[in-house]
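Q: with the input below, show me the fold.
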Amino acid sequence: MARVGKWITGGLGWAFFGPIGGILGFVVGSLFDKDISLQSGTSYQPGLQTTQGGYVMSLLVLVAAVMKADGKILKSELDYTKQFFIRSFGTEAAGEAIKILRDLLNQNIPVTEVSQQIRKNMDHPSRLQLLHFLFGIANADGHVHETEHKLIAHIAQQMGISEKDYQSIESMFVANTDAAYKILEVEPAATDDELKKAYRRMAVKYHPDKVHYLGEDIQNAANGKFQKVNEAWEIIKKQRGIV
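A: Next up, the predicted model:
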């Protein structure tokens, strides 16, 4: 449990308390065969810096909620999560994360309360990265199920994600005719100059450096959003002949 220990000793931060702490208390305690009190009734201060431990544990809690949304746990979803953790943290950590996830799948997760806790305590770039990964989980079988889609939309709203930001990330996974424009958060009627400005703005918003304080692992994982922005821009440039 080396990596799990690092996530915890490195600081769950605000995730140590509130509804997320209440959910994780039993899981973490059982992993270490001792009582680790993460009581949901304990007060915590909003606005604390997001730590890697807090981010990862919040991610696992929300992943469990999304995986259960359609009433079935798919192997493709578990494999997607495992591969993410292998790429980000290594094989041993991936195994530890999946063990935690399996325990979380057996728990009742108060999605609204968890999402609101994240909204109060996690910075905007990290919340966008969470949303991006949740869509990746839902799309692991090649299709975002309607119940998963609705749950992710609810999570995004409760996390304080704007409609434009939500549609931008949604369009990276759910095909529609204006996907490239929605990723850049502009209308198809936008001028070439407006598109260039939009691309530069989104490239800054989704740049992996925005989550550098969560560690190189998460920063590398954030490349996915950044690449989608570049791909959308290339599609639009080709369609319009922009040079």
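
Q: would you map out the domains in this protein?
A: 1-161, 167-243 (automatic domain parsing).

Q: make TSV from those domains and add mean pLDDT and mean neighbour count to it.
A: All C-beta atoms are positioned from the backbone trio N, CA, C, and that covers glycine. Shown next, in TSV, are those (pLDDT from 0 to 100; neighbours: other C-beta atoms under 10 Å):
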stretch	mean pLDDT	mean neighbour count
domain 1-161	80	19
domain 167-243	91	17
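
Q: now the helices for the protein?
A: Under the criterion DSSP state H, the chain contains helices at 2-9, 18-31, 52-68, 75-89, 91-104, 111-121, 124-138, 146-158, 163-170, 179-183, 192-205, 216-221, 223-240.

Q: so which elements touch the longest one?
A: With contacts taken as 3 or more C-beta pairs under 8 Å, 6 or more residues apart in numbering; DSSP states H and E, helix 223-240 sits against helix 124-138, helix 179-183, helix 192-205.

Q: want to try CSV for the ones you listed, with distance to G18 as columns?
A: Shown next, in CSV, are the helices and strands packed on helix 223-240 (distance: least, C-beta to C-beta, whole Å):
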stretch, distance to G18
helix 124-138, 16
helix 179-183, 33
helix 192-205, 27
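
Q: surely G18 and I118 touch.
A: No - assessed by C-beta atoms under 8 Å, G18 is found out of contact with I118, at 9.5 Å.

Q: G95 is nearest to which of the helices and strands packed on helix 223-240?
A: Closest to G95 of these is helix 124-138 (C-beta to C-beta; 18.0 Å).
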